[in-house]
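Trainee: After the sequence you'll find the predicted model.
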There are 2 protein chains.
Amino acid sequence: MTILVTGGLGYIGSHTVVELLNNDFEVVIVDDLSHSEKFILNNIEEITGKKPIFYPFDLKRKELLHQVFEAHKIEGCINFAAYKAVGESQVKPVDYYENNLFTLINILQEFKEREISNFIFSSSCTVYGQADVMPIDENTPLKLPESVYGKTKQMGEEILIDFAKAYHRKITLLRYFNPIGAHPSAKLGELPIGIPNNLVPYVMQTASGIREKLSVWGDDYPTEDGTAVRDYIYVVDLAKAHVAALRKLIENQSEEAVIDIYNLGTGKGSSVLEVVKAFETANNVEVPYQICARREGDITIAYANPGKAEKELGWKSETSLEESLRTTWEWQKYLNSRN
Amino acid sequence: MTILVTGGLGYIGSHTVVELLNNDFEVVIVDDLSHSEKFILNNIEEITGKKPIFYPFDLKRKELLHQVFEAHKIEGCINFAAYKAVGESQVKPVDYYENNLFTLINILQEFKEREISNFIFSSSCTVYGQADVMPIDENTPLKLPESVYGKTKQMGEEILIDFAKAYHRKITLLRYFNPIGAHPSAKLGELPIGIPNNLVPYVMQTASGIREKLSVWGDDYPTEDGTAVRDYIYVVDLAKAHVAALRKLIENQSEEAVIDIYNLGTGKGSSVLEVVKAFETANNVEVPYQICARREGDITIAYANPGKAEKELGWKSETSLEESLRTTWEWQKYLNSRN
């Protein structure tokens, strides 16, 4: 069975491609290399011993996407291709809306014309905003996200739900909490692009001396140690959830619309300082940090109730925070060795 | 001053082009003629004695849009181009999202690159859903619209607000209630395309014998006569509001983002049966009708508080329901005379 993986050389995309290949799916990657690098493709081959088909183009180019669907019998899609930097989305909203919506809609046009089903969408816990009750399950009310990035995710979900209903197709929305870590081979991980937006890449760069100090944005939140709390999920665990979700979609023989929604997290919240300490312990390094003022738009606390994914997908997070952070550090050493 | 009017041969678009030309704006129309006809352009010329520039192409074609911005010193845009049939939007959601979002985003890319401000967006009272309190002012909470059409309008508003904030531009969102009527010359009006979605075109076609009977969807609503209540605004009054809103935007010298939002309605609710009777009285014709079950997704009541538009734009609705419906009938006679 051939699955289109857009953004398949990106962080979560590349890990998912490995899991798909290990589970005997044929994989067609479309990735414009704007936020990824070609060596990831070679590393996927080294890890799996298999060669995914790869097309380097921008999914906004409808005519090229059309050719991919003409050339391959695509039977499903996992759509990772999207801009994802929250801060950047606020200053470049038109580019974010264009990129994140056009790519999705262009793929759906091909799906619609060809009666293809099985679409898995990378969504985010940002669609819940600051939820009133923890943990966050799939029935938690959605809030209009503060960031343009978050809005593109919420709009993407709406578009997919309407697509599934109108054309009786099967879709899954996966709402990720905070993916961290790298492949155990240390050959796949999150590529640094400019100053990291997320905590763990920043911790990693600080530990390796690229950044002088980690900025901890606020220590006066109403949490145990005053720093913000998130649910950090290991990227390989997350990648496996995609395979489980895909299998469930494929096995579902319904002729009606199928709309599956899963929160993907560990179910455990960790504060910024807990992550820093876990990183130091796991890797026997020091991470100098400074407390700064709160950052606008940051929420206090978010962690998942992953019960629905466990029950329906037979999937749960298996890797500890320390182990995830150990792989992060191995990946940084790999990156250093390449330079 | 040259204003781009997209969908400028459509129903509200063509009336607004006339008002712009009468107020000495230069007008560049882009309209793909998918839901309009070329004779409207000739009629605009007959009415105004002026010739707008006209480009017949689909705004999804970025390269053609780019050429328009290269060829003309565009200093503002009124964006009417959009699919607008609520029922159709439910069965063709991907086309609606594609058309209504791509066209908007493509124009904003040109605006962004060229430092152009003054963007007026055709929104709709559908963004309020069934509001809890009447009349509906601009502070009434938004609800997720039930229809894909409504969602494209709400998403369009979000995109424009983020655009204005990020690039410090000036935009106006005009939330129309229910536009009706035709130009006093009877040379512009709403073109019939298939079975009408809206009440007044259906009434018009029933009166002229094209439809056998008007279907009144529900007479058990909690309103005075049991039929649903809307705020019917005369299209020429509505067109004039666009000129007033454009002038206000142009005069605003702010260097910061400007986000003006106005509800455009009469402030008076009319029931379906009141409209039928007003049409019969105004035109001395009979409109046979039958009561049917409620239609899914229809709300009970919606009418505007137009106070903000009156205060800030110096604009208000001036034309009675009867007079509006008289022009509707004259337009139908004109259409009949063309066949």
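Mentor: On my side now, so go ahead. These numbers come from a predicted model, not from an experiment.
Trainee: for A:Phe119, phi and psi?
Mentor: Note on A:Phe119: its backbone torsions stand at phi -120, psi 120 [degrees, to the nearest 10].
Trainee: now it: how far from chain B?
Mentor: The gap separating A:Phe119 from chain B is 12 Å, by CB to the nearest CB, to the nearest Å. In short, each C-beta sits where N, CA and C put it, glycine included.
Trainee: Spit out the contact partners of that residue.
Mentor: A:76-77, A:79, A:107-108, A:111, A:160, A:163-164, A:169-172 (CB atoms under 8 Å, 6 or more residues apart in numbering or on different chains).
Trainee: Skipping adjacent residues, who's closest to A:Val285 in space?
Mentor: In space, and not counting its chain neighbours, A:Val285 is closest to A:Ala207: 4.7 Å by CB to CB, 6 or more residues apart in numbering or on different chains.
Trainee: hang on, I meant A:Ser324
Mentor: A:Ser324 sits nearest to A:Gly181 (CB to CB, 6+ apart), 3.6 Å away.
Trainee: next one: phi and psi at that neighbour?
Mentor: phi 90, psi -180.
Trainee: Next up, the contacts around it.
Mentor: A:Gly189, A:Val200, A:Tyr234, A:Val235, A:Val236, A:Thr319, A:Glu323, A:Ser324, A:Leu325, A:Thr327, A:Thr328.
Trainee: Could you pick out the residues of the stretch 151-300 of chain A near chain B for me?
Mentor: The stretch 151-300 of chain A comes close to chain B at residues A:Lys151, A:Met155, A:Glu158, A:Ile159, A:Asp162, A:Phe163, A:Lys165, A:Ala166, A:Tyr167, as judged by CB under 8 Å from any CB of the partner chain.
Trainee: same thing but 7 Å
Mentor: Within reach of chain B by CB under 7 Å from any CB of the partner chain, the stretch 151-300 of chain A has these residues: A:Lys151, A:Met155, A:Glu158, A:Ile159, A:Asp162, A:Phe163, A:Ala166.
Trainee: Can you give me every residue that contacts A:Leu160?
Mentor: Neighbour list for A:Leu160: A:Phe119, A:Phe121, A:Ile171, A:Leu173 [criterion: CB atoms under 7 Å, 6 or more residues apart in numbering or on different chains].
Trainee: Below-threshold pLDDT in the stretch 51-200 of chain A: ranges please.
Mentor: Within the stretch 51-200 of chain A, no stretch has pLDDT under 70.
Trainee: What are the boundaries of the helices in it?
Mentor: A:62-71, A:86-91, A:93-114, A:148-167, A:199-207 (DSSP state H, counting those that start in this stretch).
Trainee: okay, the angle between whichever strand or helix holds A:Ser14 and helix A:199-207?
Mentor: In this structure, A:Ser14 sits in helix A:11-22 according to DSSP states H and E. Relative orientation of helix A:11-22 versus helix A:199-207 (axes from the mean of the first three to the mean of the last three CA atoms, to 10 degrees): 110 degrees.
Trainee: buried residues in helix A:11-22?
Mentor: A:Tyr11, A:Ile12, A:Gly13, A:Ser14, A:His15, A:Thr16, A:Val17, A:Val18, A:Glu19, A:Leu20, A:Leu21 (16 or more other CB atoms under 10 Å in any protein chain shown).
Trainee: Contacts for the helix or strand following that helix, please.
Mentor: Later in the chain than helix A:11-22, the nearest helix or strand by DSSP H and E is strand A:26-30. The contact list for strand A:26-30 (CB under 7 Å, 6+ apart) reads A:1-6, A:8-9, A:17, A:20-21, A:52-55, A:57, A:59, A:68, A:72, A:74.
Trainee: Narrow those to those that are buried.
Mentor: A:3-6, A:8-9, A:17, A:20-21, A:52, A:54-55, A:59, A:68, A:74.
Trainee: Which two among those are spaced furthest apart?
Mentor: Of all pairs drawn from these, the widest gap by CB to CB lies between A:Leu21 and A:Leu59 and measures 21.3 Å.
Trainee: Over to the residue in the stretch 201-339 of chain A that chain B sits nearest to: give its phi and psi.
Mentor: Chain B sits closest to A:Ala257 of the stretch 201-339 of chain A, with a gap of 11.5 Å, by CB to the nearest CB. When read as degrees, to the nearest 10, the backbone of A:Ala257 gives phi -60, psi 140.
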